[in-house]
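Novice: Need a 3D model of the sequence below.
(2 chains)
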Amino acid sequence: MTGDILQAIKDCITKGESTQMARLCQDALKQGIPAYEIVMKGMNEGMEVMGQKYESGEYFLPDLVLAGEIMKEGMSVLAPQLAAEGVKSRGIIIAGSVAGDVHDIGKNIVISMLRGAGFSVIDLGVNVAAETFLERAKEHKADIVAASAYLSTTALELRDIVPLIHEDASGSIKVVVGGATVSQEFAREIGADGWAPDALQAVKVMDSIIHSKGGETL
Amino acid sequence: MIAYNELLDREIEWTKEKIVAYFRDVEGIMPAERVQRFAEGKGDKVPLNLALSDEWGAHYNGFKISEICLDARKLIYSHLNVCWRFKLEIWLSIFPHYYQLGPSALGLEIEFPEDRPPMSSRGIVNDFKDVERLKVPDMRTGGQMPYHWEAYRIWKEKLSDLYPAYTTNIPGPFDFAAQLRGIEGMKIFTDIKRNPGLVKELCDFSADCIIEIAKIYKEYGLNILFLSGAAVGHLTADDFMEFEFPYVLKIREALKSEGMLVSLFLQKNLEIQEKIYEEGMTLLGRPVPMIFTGNYYNPNRGYFPSLEDVVKGHQMAEEKGYPHMVFFMGQWLQDSSPMVIRRTIKRVFDSVGPISIAPGAVLVGTPVENIDAYVEAMRSVNIN
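Specialist: Numbers count the residues shown, from 1 in each chain, chains lettered A, B, ... in the order given. Got it, this is the predicted structure:
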């Protein structure tokens, strides 16, 4: 029974059935399934499938964007319950698209997956100045600043963000970069602490950085 | 006292004179003639342009990016001086706010940060009611269009004899609609799944706007319209045929009586290309589809495609009888050394012969020596 409803939640995401998600999450809670389990074994597994199918070329960007939206709908039902269950945040992340960049699809998908995986994420939105990343990271005592750039012209902003955060926070706040035009080589060159080619890897990289799992982050 | 604008006009004229003198006395052939001869298969050198060099050009000429976005004279001078610096034969000035220009006539707000590319995040269409309320505006006077036409006026009056142009690019209906709906959150992608009717209405309306813009291009002597787009590049072949193609055909049909030809610009998805050719539409006016090798949206594979991928793409192109084009991301030109640039281009030519190799964008901050190296490497091809 538990497995059935979690599978249905997963299917909602992988099949783009947006109208069912909120009701299924409510039903799952009524069945006594902890919100954290619904997120991890239902939604997150669905998003993992989406990420893999996007990578393989089976799914396209509209599929991925819709999946992120459906996950957001589920999270709006589960968020109060997650707080009530006292699920401890796995880390605090400040996320945003860099100055000059209003593209946020990738960032939003990463945020959905991070929240699903139990991280607290403060979404600064788009067109975020380097100084704002720093201020908000200090204000929230963040573990990581996750900065995204979609355009080749705005990826250059990352060159400013990394040293600004590192110097001011003496290395205590890590910087993870990503986006459609940001390569691993570029991330290394600018001194970022982490880089990921997709949302799935982004969660793993940030988890690895915060919990010192020793995996490759860059 | 000379007014600043007058000074810029004189700079434009003087720079043009230098270009004319150079090509006449040193090259012995004018840019337009070289392009023409190349097109006829009788060329001596490959005619060159530098794609999307306007933002780089702004800095090269001492302007902030916002200056060339708000002052057509500065944009034209800036681009012309880049043509002079690299002795380019083709005029290809793409406006930095290319995607937002048309939608701005409908009220889309564009922000102009002082020295960053312009942007607009929030759209002006939320639902069907908004679409119903939309009316095709006066594309001469709305939003940023007067600036756009002023740039065309200057080009036409002062430069079209040196750098004639018969084609122009404009975002296709899906990208035009994506701007109207808002780039932040890319709502149009969820609309495809949840509200396809809205997307179709909006693309249909966008097609009407594009038709009006195209009619004005015609007045400037441009006879071929290329429809391009970034958002549309993320669609599946089926979605492309449903949400973009019918409205492209609508534009083509409407412009027939104007004597204007319509073709699609670049489309990396071969499945989409083959479908559009089946329906009688072309890509860049070519008779057959084109194979593209590049790592756009896949930078973990590198900013310049691997030689293995280039060779594979070339083999596929030869098997199908299609032309082949290599695209690299602007970061490569920025981060490489001149020697690496020359060697990489040479390796590609040595492996597959002379083919088109183009950057997506020459980024602000790219060393001028690197651009020189790229231009020299491309010029080294003996096309005979």
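
Novice: and chain A, which residues reach chain B?
Specialist: Counting by CB under 8 Å from any CB of the partner chain, chain A comes close to chain B at A:16, A:18, A:60-63, A:65-66, A:69, A:99-105, A:108, A:125-127, A:151-156, A:180-186, A:189, A:197. All C-beta spots, glycine's among them, are computed from the backbone N, C-alpha and C.

Novice: from those, which would you call buried?
Specialist: The neighbour count (16 or more other CB atoms under 10 Å in any protein chain shown) marks A:16, A:18, A:60-63, A:65-66, A:69, A:99-105, A:108, A:126-127, A:151-156, A:180-184, A:186, A:197 as buried among the residues of chain A next to chain B.

Novice: which stretches of the chain aren't confidently modelled?
Specialist: No chain specified, so I'll use chain A. A:1, A:213-215 (pLDDT under 70).

Novice: you looked at the wrong chain, it should be chain B
Specialist: Using pLDDT under 70, the flagged stretches of chain B are B:51-53, B:382-384.

Novice: ok so, going back, out of the residues of chain A next to chain B, list just those in strands.
Specialist: Under the assignment DSSP state E, those contribute nothing to strands.

Novice: So which elements touch whatever helix or strand B:Ile272 lives in?
Specialist: When secondary structure is defined by DSSP states H and E, B:Ile272 falls within helix B:270-278. Contact partners of helix B:270-278 among helices and strands, from 3 or more CB pairs under 8 Å, 6 or more residues apart in numbering or on different chains; DSSP states H and E: helix B:237-243.

Novice: Give me the residues contacting the helix it packs on.
Specialist: The contact list for helix B:237-243 (CB atoms under 8 Å, 6 or more residues apart in numbering or on different chains) reads A:60, A:62, B:174, B:192, B:196, B:199-200, B:203, B:232, B:235, B:269, B:271-272, B:275.

Novice: Tell me which residues of stretch B:279-291 come out buried.
Specialist: For stretch B:279-291, a neighbour-count test (16+ other CB under 10 Å) marks B:Met281, B:Thr282, B:Leu283, B:Leu284, B:Pro289, B:Met290, B:Ile291 as buried.

Novice: What of stretch A:124-140?
Specialist: By neighbour count on 16+ other CB under 10 Å, the buried set for stretch A:124-140 is A:Leu124, A:Val126, A:Asn127, A:Val128, A:Ala129, A:Ala130, A:Thr132, A:Phe133, A:Leu134, A:Arg136, A:Ala137.

Novice: ok, now stretch B:118-131?
Specialist: By neighbour count, with 16+ other CB under 10 Å as the criterion, the buried positions of stretch B:118-131 are B:Pro118, B:Met119, B:Ser120, B:Ser121, B:Gly123, B:Ile124, B:Val125, B:Asp130, B:Val131.

Novice: Check the gap between the residue nearest to B:Ile90 when sequence neighbours are not counted and chain A for me.
Specialist: Nearest residue to B:Ile90 in three dimensions, chain neighbours excluded: B:Asn49, at 3.7 Å (CB to CB, 6 or more residues apart in numbering or on different chains). Computed with CB to the nearest CB, to the nearest Å, the distance linking B:Asn49 and chain A is 18 Å.

Novice: Contact residues of chain B facing chain A?
Specialist: Proximity of chain B to chain A, by CB under 8 Å from any CB, involves residues B:55, B:113, B:116-117, B:119-121, B:183-186, B:189-190, B:192-194, B:234-236, B:239, B:296-297, B:299-300, B:302-303, B:329-331, B:335, B:360-361, B:363-365.

Novice: Which other helices and strands does the longest helix along chain A contact?
Specialist: Counting residues, the longest helix found in chain A (DSSP state H) is helix A:61-84. With contacts defined as 3+ CB pairs under 8 Å, 6+ apart, helix A:61-84 has these neighbours: helix A:2-15, helix A:21-30, helix A:35-37, helix A:45-55, helix A:105-116, helix B:187-194.

Novice: and the shortest one, what does it pack onto?
Specialist: Yep, that's helix A:35-37 we're talking about. Contacts defined by 3+ CB pairs under 8 Å, 6+ apart place helix A:35-37 against helix A:61-84.

Novice: May I have the helix it packs on exported as PDB, CA atoms only?
Specialist: Extracted C-alpha coordinates of helix A:61-84, given in PDB (Å, rounded to 0.1, in the frame of the first residue of the first chain):
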ATOM      1  CA  LEU A  61      13.600  20.700 -21.200                       C
ATOM      2  CA  PRO A  62       9.800  21.200 -21.100                       C
ATOM      3  CA  ASP A  63       9.500  17.800 -19.500                       C
ATOM      4  CA  LEU A  64      12.000  18.700 -16.900                       C
ATOM      5  CA  VAL A  65      10.500  22.100 -16.100                       C
ATOM      6  CA  LEU A  66       7.100  20.500 -15.700                       C
ATOM      7  CA  ALA A  67       8.500  17.900 -13.300                       C
ATOM      8  CA  GLY A  68      10.100  20.700 -11.200                       C
ATOM      9  CA  GLU A  69       6.700  22.500 -11.100                       C
ATOM     10  CA  ILE A  70       4.900  19.300 -10.000                       C
ATOM     11  CA  MET A  71       7.400  18.600  -7.300                       C
ATOM     12  CA  LYS A  72       6.900  22.200  -6.100                       C
ATOM     13  CA  GLU A  73       3.200  21.500  -5.800                       C
ATOM     14  CA  GLY A  74       3.900  18.400  -3.700                       C
ATOM     15  CA  MET A  75       6.400  20.300  -1.500                       C
ATOM     16  CA  SER A  76       3.800  22.900  -0.700                       C
ATOM     17  CA  VAL A  77       1.700  20.100   0.900                       C
ATOM     18  CA  LEU A  78       4.600  18.400   2.600                       C
ATOM     19  CA  ALA A  79       6.600  21.400   3.800                       C
ATOM     20  CA  PRO A  80       4.600  22.100   7.000                       C
ATOM     21  CA  GLN A  81       4.600  18.400   7.800                       C
ATOM     22  CA  LEU A  82       8.400  18.200   7.300                       C
ATOM     23  CA  ALA A  83       8.800  21.000   9.800                       C
ATOM     24  CA  ALA A  84       6.400  19.300  12.200                       C
END
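
Novice: name the helices or strands packed onto the next helix or strand after that helix?
Specialist: Where DSSP H and E defines the elements, the next helix or strand beyond helix A:61-84 is strand A:92-97. Using 3+ CB pairs under 8 Å, 6+ apart, the elements in contact with strand A:92-97 are helix A:105-116, strand A:120-123, helix A:130-139, strand A:144-148.
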